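Colleague: No sequence on hand, only this structure:
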């Protein structure tokens, strides 16, 4: 029997296939990605994670089970502490201070993506919040495993790949997938459909996020 999360993944297969052939990700493994594009991505991702952590905290607050509350509260902390430590190691190599990062404007795609996540997290029920948050977890895991097969000649890029291909990260994602499957058990179709909509929407934003970094996206006016 197909699980709800398996159904969700099938719905974004064309998006995922577009992600893994995007020149940003191909450039991570063959080493051709300009470091300027990777630096743009990591800085924007640091800004993104601040809002993502807030969304995880809201998911924890709305969770109908104590174990799920603990799970997402812990993930909110991880998003801020562990991910920030990873990024700060990159920033140190580039000579970028925390003040410099905090003063960087959100790129248009990043602002649109985080605004969407925050709106869903504040306004919608728990299961819809999980649907919106899940692509960030899951696509990074799948991308990490995909890129690990080739590796990268650039130690900086390999470090990033290793993070998302790790068993530790896999356990984090699997825990959220289990929640996503369990939370829909008794939900009517009318409450499942918004989850699918959020999942596809934020999966699209994941492709757009890498594409924005590849283009060094700026505000047009």
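Modeller: Structure received. All of these numbers come straight from a predicted model, not from anything done at the bench.

Colleague: When you work out contacts or count neighbours from here on, use the C-alpha atoms and nothing else.
Modeller: Fine.

Colleague: Can you give me the end-to-end span of stretch 61-69?
Modeller: Chord length of stretch 61-69, first to last residue, is 6 Å (CA to CA, to the nearest Å).

Colleague: Which stretches in the chain count as helices?
Modeller: Ranges of helices in the chain, per DSSP state H, are 4-11, 13-20, 23-30, 35-62, 66-94, 98-102, 108-123, 126-148, 155-165, 167-183, 189-214.

Colleague: Relative to residue 220, which of the ones you listed is closest?
Modeller: helix 108-123 (9.2 Å; CA to CA).

Colleague: Please identify the buried residues of the closest one?
Modeller: For helix 108-123, burial by neighbour count (16 or more other CA atoms under 10 Å) applies to 109, 110, 111, 113, 114, 116, 117, 118, 120, 121.

Colleague: relative orientation of it and helix 35-62 in degrees?
Modeller: For helix 108-123 against helix 35-62, the angle by axes from the mean of the first three to the mean of the last three CA atoms, to 10 degrees is 10 degrees.

Colleague: How far off centre is helix 108-123?
Modeller: 13 Å (CA atoms, centre = their mean, to the nearest Å).

Colleague: Show residues contacting it.
Modeller: 44, 48, 51-52, 54-55, 58-59, 128-129, 132-133, 202, 205, 208-209, 212, 217-219 (CA atoms under 8 Å, 6 or more residues apart in numbering).

Colleague: if we can go back for a sec, least reliable of the helices of the chain by average pLDDT, please.
Modeller: Out of the helices of the chain, helix 98-102 stands lowest, with a mean of 81 (criterion: mean pLDDT).
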